[in-house]
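In: Model the following, please.
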Amino acid sequence: MHKIIVTLLVAFTTFALPGVAMAQSLATTETAADGNTSGVITVIQVDEDTRLVGFVLSTGDGELVEVAIGDSTNFGLENAAGDRWVSDFGADPAESLRRITDQRERFAPVTVTVRDGVASAVVDREQGDLERNLGYLFAIYLVTWAGFFVYIFIVSRRQSDLSREISALKSQIPGSDALEANG
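Out: Reported below is the predicted structural model:
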């Protein structure tokens, strides 16, 4: 039985995996059309001087879109710490390559605006209004803490009511003075 499983695994890796790799390598990469395209950077293209030439985006539909970079391409990208960098490619090509590489390594989605086959802008994909979300977070925090303190107040009131009731019941029992002296 062991030999059959090993034989099947060897046959699968010999015949099936190269076919999958071939299918992935034959996936067509289309050039980005004019307009906005969003996706995750999968491949970074550089020339022999390690200067950024372009990159390939994987869109939400699974398509691969090739994007060219020009000297006038504007970047507006954040790193993992949230530091925003805004510049154009011609002003700082090395930083552009570093920021694009960081986006690829973090699988951070970007939105690219393409005009005449060249990216005019590369920015982080809009994630929502952060300040509004922080306001909601603060409100929930405030409500939670207020609820906690109301709960503590109610529990302490019930505890004091129970203590008074216990004292009242003890005073109604004959010989309760002896019980209090011993207890």
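In: So which residues of this protein form helices?
Out: For the chain, the helices defined by DSSP state H cover 2-25, 93-106, 130-172, 176-182.
In: on contacts alone, who are the packing partners of the longest one?
Out: Contacts defined by 3 or more Cβ pairs under 8 Å, 6 or more residues apart in numbering; DSSP states H and E place helix 130-172 against helix 176-182. Using the backbone N, CA and C atoms, a C-beta is placed for each residue, glycine as well.
In: Dig out what the spatially closest residue to I44 that is not a sequence neighbour forms beta bridges with.
Out: Sequence neighbours aside, F55 is the residue nearest to I44 in space, at 4.9 Å (criterion: Cβ to Cβ, 6 or more residues apart in numbering). Beta-bridge partners of F55, counted by DSSP bridges, are I44, V67.
In: my guess is F55 meets G39, correct?
Out: No - here F55 lies out of contact with G39, judged by Cβ atoms under 8 Å, at a distance of 10.0 Å.
In: neighbour count winner among those two?
Out: A side-by-side neighbour count of F55 and G39, using other Cβ atoms under 10 Å, places F55 first with 25 against 22.
In: Mind pulling up the pLDDT for the more buried one?
Out: Per-residue confidence at F55 stands at 93 (pLDDT).
In: quick one: it and T42, what's the gap?
Out: F55 is 8 Å from T42, where distance means Cβ to Cβ, to the nearest Å.
In: Give the residues shared as contacts by those two.
Out: Counting by Cβ atoms under 8 Å, 6 or more residues apart in numbering, the residues touching both F55 and T42 are R104.
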